[in-house]
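no sequence for this one, just the structure:
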DNA sequence: CTCCGTTATTGACAAATGTCAATGCAACTG
DNA sequence: CAGTTGCATTGACATTTGTCAATAACGGAG
């Protein structure tokens, strides 16, 4: 299982045995169950998450209604705003499948960066890439209709549609479950 | 004018005279005019931008129509997806006011990071913060109606509403100019 | 297998938004 | 000053989406 992290990381940098050893000693890998809530509204986040296997979802609770704002599948990561900005979280993060996560704290991050500065470079690069991906998501959302957003998901994240319930997808593309159901019906013709 | 950058940076890290000197020698500051296009669809971006004074806007051209996806005012920055991902840009970046920008290339970035590693830490932290801000923007967009988005802008970026034309704001919150006009009328009652 | 809770679909109607065309308004130009 | 241009507003009507209520489809628990 650790090997999967190393495979992922060596896409970007080379890894010495010494560095791998440090990772192993940090005990980053944790198991969670479907339904586990990793972060709640009003709480302070303490951890970064990287999804090795499974699915996380972030959502706001607005007047008793869940508003889904993101899904995180394999090889995607979350740096909760609450942690980065040191303020109470406005949203929830929840496991939507049994999941294997890489869990890191700012503390561990600091130690790793001091021992192996190239990880800081890696984190900077990954976070810039993540940022540009998010700019693109926001752009896609702004410039398209709910129907187009659904078609985008069908094209770009087909696995997601198979793995999470439709009412969460509906919320994610900004419509009610009824409307999504009608969009789907229209497509069949 | 250079002093403004230093003021901004010393919010996050301390600066030695030596480091300030390096910045001065890089000649980062450039002037642009309203209407200048910094990046076009299909081109490769070569630069990062940081707005010291003025206003940039990013937009897609979809069927001849501009879809505004972001505004960048003072102390906000752009790392174009095109540059980060090394692919042709899908959108335009344009000066909406005469602007003073800090312009950096990956090359310059690399030299600075090698000479003063703490700038890499700074960039990582800033880009993480930027990322978490963007996640919040996307979340706000997903979970609210056009009317609420406009109210958000009134509360959180009132200067923006004074500085750019309404049809760009309309596009940014995902409606037509007519609809935004009606939202504004409703507010007066 | 049935029962039960959750999710998905459908219909009828209300509300919001888009579209198109006309008008107003302010700034710039000659 | 008149004429032009770009932006904002308004009205009439079409389309999309939301809301509410009913029903269907599905899966897990017993």
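Thanks, I have it. Predicted, not measured: the structure shown is a model, and the values here were computed from it.

Is the longest helix anywhere in chain A positioned near DNA strand C?
Secondary structure of chain A per DSSP state H: the longest helix is helix A:118-143. No. Helix A:118-143 does not reach DNA strand C (CB under 7 Å from any atom of the strand); its nearest approach is 11.0 Å. From N, CA and C alone the C-beta is placed, and that goes for glycine too.

what's the burial count for the closest residue in space to residue A:66 that isn't next to it in sequence?
Counting by CB to CB, 6 or more residues apart in numbering or on different chains, residue A:66 lies nearest to residue A:59, which is 4.7 Å off, once chain neighbours are set aside. Residue A:59 has 23 neighbouring residues, counting by other CB atoms under 10 Å in any protein chain shown.

how about the nearest residue to the residue most central in space within chain A, chain neighbours excluded?
Residue closest to the average C-alpha location in chain A (CA atoms, centre = their mean): residue A:72, at 3.1 Å. Closest residue to residue A:72 apart from its sequence neighbours, by CB to CB, 6+ apart: residue A:56 at 4.2 Å.

contacting residues around residue A:102?
With contact set as CB atoms under 8 Å, 6 or more residues apart in numbering or on different chains, residue A:102 has these partners: A:5, A:28-30, A:49-52.

ok, so of those residues, who is nearest DNA strand D?
Ranked by distance to DNA strand D (CB to the nearest atom of the strand), the contacts of residue A:102 are led by residue A:51 at 22.2 Å.

now the helices: where do they sit in chain A?
Ranges of helices in chain A, per DSSP H, are A:2-9, A:17-26, A:81-85, A:106-115, A:118-143, A:146-156, A:158-163, A:166-173, A:177-188.

Now tabulate those in a markdown table and tack on mean neighbour count and mean pLDDT.
Listed next are the helices of chain A as a markdown table, based on neighbours: other CB atoms under 10 Å in any protein chain shown; pLDDT from 0 to 100:
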| stretch | mean neighbour count | mean pLDDT |
| --- | --- | --- |
| helix A:2-9 | 14 | 84 |
| helix A:17-26 | 13 | 90 |
| helix A:81-85 | 20 | 93 |
| helix A:106-115 | 13 | 92 |
| helix A:118-143 | 19 | 86 |
| helix A:146-156 | 15 | 91 |
| helix A:158-163 | 12 | 93 |
| helix A:166-173 | 19 | 96 |
| helix A:177-188 | 13 | 91 |
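
can you put these in a markdown table and add distance to residue B:184?
Output for the helices of chain A, formatted as a markdown table (distance: least, CB to CB, whole Å):
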| stretch | distance to residue B:184 |
| --- | --- |
| helix A:2-9 | 49 |
| helix A:17-26 | 54 |
| helix A:81-85 | 30 |
| helix A:106-115 | 44 |
| helix A:118-143 | 20 |
| helix A:146-156 | 24 |
| helix A:158-163 | 37 |
| helix A:166-173 | 27 |
| helix A:177-188 | 26 |
